[in-house]
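# heads up, no residue letters with this:
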């Protein structure tokens, strides 16, 4: 498993949100990807941000950078604060995302910071498979 520490500036994303079960998240991505195709947008990366968890209810945002979605109506915007993050590359498909979050949060000598953790999907070339990273905020 590959891990690294990154310090980034804050950035704003825009996309579709749900407050519901984790089973509803794939349909949200279908909606976002459909909008990207319909509008002819080029998004080299996209983000899955869990904004809150209350029991089994997730408040989740599937999004792209706000500047890419500029002018698209009906999207929810969110600013991810900058700072330090521990980052891990997900291997084995999207089913391994929760395990990567757990692994990063249990890293010794790393103190978690209150902010948004997120999934980053990197897809600069639509002809090739995308790469998935998990970003967890740290002090």
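Great, that's in hand. Keep in mind that what you see is a predicted model, and the values were worked out from it rather than measured. Numbers count the residues shown, from 1 in each chain.

# what residues does the longest helix along the chain touch?
Counting residues, the longest helix found in the chain (DSSP state H) is helix 25-39. Helix 25-39 is contacted by residues 15-18, 41, 43, 46, 48, 58, 60, 62-64, 72 when judged by C-beta atoms under 8 Å, 6 or more residues apart in numbering. (C-beta placed from N, C-alpha, C; glycine too.)

# specify the local secondary structure of residue 100.
helix (DSSP: H, G, I helix; E, B strand; the rest coil).

# before we move on, back to that, same list (the contacts of helix 25-39) but as JSON lines, adding neighbour count and pLDDT.
As requested, those are exported to JSON lines (neighbours: other C-beta atoms under 10 Å; pLDDT from 0 to 100):
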{"residue": "15", "neighbour count": "28", "pLDDT": "97"}
{"residue": "16", "neighbour count": "18", "pLDDT": "97"}
{"residue": "17", "neighbour count": "17", "pLDDT": "96"}
{"residue": "18", "neighbour count": "17", "pLDDT": "95"}
{"residue": "41", "neighbour count": "14", "pLDDT": "91"}
{"residue": "43", "neighbour count": "18", "pLDDT": "90"}
{"residue": "46", "neighbour count": "22", "pLDDT": "95"}
{"residue": "48", "neighbour count": "23", "pLDDT": "96"}
{"residue": "58", "neighbour count": "19", "pLDDT": "89"}
{"residue": "60", "neighbour count": "24", "pLDDT": "95"}
{"residue": "62", "neighbour count": "25", "pLDDT": "97"}
{"residue": "63", "neighbour count": "27", "pLDDT": "97"}
{"residue": "64", "neighbour count": "24", "pLDDT": "96"}
{"residue": "72", "neighbour count": "16", "pLDDT": "92"}
